[in-house]
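>>> sequence unavailable; structure follows:
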DNA sequence: ACATATATTATAATTATTCTAAACTATTGA
DNA sequence: TCAATAGTTTAGAATAATTATAATATATGT
C-alpha cells in the first residue's frame, strides 16, 4: 500500500503537478498487488464507483496519457475498438481472451525471447509486442 | 492479373454472392503483385479515385468484414484509432513505422518462429501476432 | 420470370477519443 | 503571504471510425 506522499514524489519527479485527481488515479492504478489491465472506460467506472467526488472523463484521458508518456503505463495493441493500458511497464507480452475480452500477462518463460534479425534500415525499434489471441476450445469462429 | 471469373468463383465458393461492388473491391485488393496493407479509408479513397461508379462506405465496411470472415483478409492490431487490414493471410508479422503510419510485412527470417510454451488452460490459440514498432533514429519521443 | 434471400445504400446512431475555452489550482518568487 | 503565471480540470462540443436501420435493388433457385 503506497502512501500519498510517494505518489506526490513520483509525480513531481516527472514534472507532473500532484493534483487531487492525479493522486486518486494513482491510488486506483498503482495501489495493487497485481498488474492491472484496463480501458479508459474501465477506469472511469472504477473511479465513479469508488470515489465520492467525481473526476471528469477528459481528465481521466489526460491523466492516462500523461502517465503513459512518463512511462508509468503501457498501451497495448488489440483489435482497435478501444485502447488498453497496462500498469506492468516491464517488457512482456500478452494473451487476449476473445471470449471475455480480457488481457492476461505472459509470464517470463511462456514465450521465448523474440529475436529480430533484420530491422528496417534507418529505423530504431521502439517496441516489440506479441499478442496471443485465445478462445474457448469449442467455438469455431469468432 | 486475375480475371473476373476467378473472383466470381472465389466469392461463390465461400457463399458470397458475386456482386458488382464485391468484384470491384476484389480487383482493387487482390490484383496486386505485393501484399497490400490498408485502412478502410485508404480503400475508400482508392475506390473513389479509380472507379466511375461509386461504392457506398457501408458496403466497403461490409465487404471488408465479409472478406475477413472468409479468411481473404487479416486484420492487424495496431494501437491506434483505426483498423488495418492485410491481403497477406499467411502467418507473418509486422513492422509498424510510427513516422509514416505504414505497416510493413516481416519476411520469413526477420524473426525466429515464436515458441509458446504455456497457454491459458482450456483455451486454444487463434493467432500469434508480433508487432515491431519502429521510428526514425533521431527522434526521441513519439 | 417469380419468389425470396441477400446486398447495397444513404443516413442516422453510436462509441471512443480529442478539442475548446473558461474556471480553477499549484507553484514560484517578490 | 500574495500575486502572477503556468499548468490542470471541466463540461460540453467536435471529430472520426464504425455499426445500425430500413428502404431499395439485385442475385439465385425453381
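Nice, I can see it. As the structure is a computational prediction, the values presented were derived from the model and not from experiment.
>>> CA atoms for contacts and neighbours, from now on please.
Noted.
>>> helices or strands next to the strand ranked longest in chain A in the packing?
Criterion DSSP state E: the longest strand present in chain A is strand A:123-136. Counting contacts by 3 or more C-alpha pairs under 8 Å, 6 or more residues apart in numbering or on different chains; DSSP states H and E, strand A:123-136 is packed against strand A:94-97, strand B:123-136.
>>> wait, which of those is closest to residue A:7?
Among those, the nearest to residue A:7 by C-alpha to C-alpha is strand A:94-97 (27.3 Å).
>>> who are the packing partners of the helix or strand just after that closest one?
On the C-terminal side of strand A:94-97, the nearest following helix or strand under DSSP states H and E is strand A:102-105. Packed against strand A:102-105 by the contact rule (3+ C-alpha pairs under 8 Å, 6+ apart) you find strand A:94-97.
>>> which elements pack onto the strand it packs on?
Using 3+ C-alpha pairs under 8 Å, 6+ apart, strand A:94-97 is in contact with strand A:102-105, strand A:123-136.
>>> how far does the longest one sit from the chain's center?
Put simply, strand A:123-136 sits 14 Å off its chain's centre (C-alpha atoms, centre = their mean, to the nearest Å).
>>> that one: partners in the sheet, and parallel or antiparallel?
Using DSSP bridges, strand A:123-136 pairs in its sheet with strand A:94-97 (parallel), strand B:123-136 (antiparallel).
>>> for the residue positioned nearest the centre of chain A, give the beta-bridge partners.
Nearest to the geometric centre of chain A sits residue A:86, at 1.7 Å (C-alpha atoms, centre = their mean). For residue A:86, the beta-bridge partners under DSSP bridges are residue A:37, residue A:74.
>>> show me the contacts for it.
By C-alpha atoms under 8 Å, 6 or more residues apart in numbering or on different chains, the residues touching residue A:86 are A:35-38, A:73-76.
>>> which of the residues in stretch A:46-57 are buried?
A:47, A:55 (16 or more other C-alpha atoms under 10 Å in any protein chain shown).
>>> now do stretch A:87-98
A:87-88, A:92-97.
>>> tell me who's in contact with residue A:83.
A:39-40, A:75-77, B:79-80.
>>> and it, how far from DNA strand D?
Look at residue A:83 and DNA strand D: by C-alpha to the nearest atom of the strand, to the nearest Å, they are 13 Å apart.
>>> also residue A:85?
18 Å.
>>> please name the nearest non-neighbouring residue to that residue.
In space, and not counting its chain neighbours, residue A:85 is closest to residue A:75: 4.5 Å by C-alpha to C-alpha, 6 or more residues apart in numbering or on different chains.
>>> per-residue confidence at the residue nearest to the centre of chain A?
Confidence at residue A:86, expressed as pLDDT, is 97.
>>> contact residues of chain A facing chain B?
Residues of chain A lying close to chain B by C-alpha under 8 Å from any C-alpha of the partner chain are A:75-83, A:95, A:109-112, A:114-120, A:122-137.
>>> list of residues touching stretch A:119-137?
Contacts for stretch A:119-137 (C-alpha under 8 Å, 6+ apart): A:77-78, A:92-99, A:114, B:95, B:110, B:120, B:122-137.
>>> show me where chain A dips below the pLDDT cut-off.
A:138-142 (pLDDT under 70).
>>> make it 90
A:1-5, A:50-53, A:77-82, A:98-102, A:108-109, A:112-115, A:121, A:126, A:136-142 (pLDDT under 90).
>>> mind listing the helices for chain A?
For chain A, the helices defined by DSSP state H cover A:4-13, A:20-30, A:40-50, A:57-69.
>>> what's the closest of those helices to residue B:30?
With C-alpha to C-alpha as the yardstick, what comes closest out of the helices of chain A is helix A:40-50 (37.4 Å).
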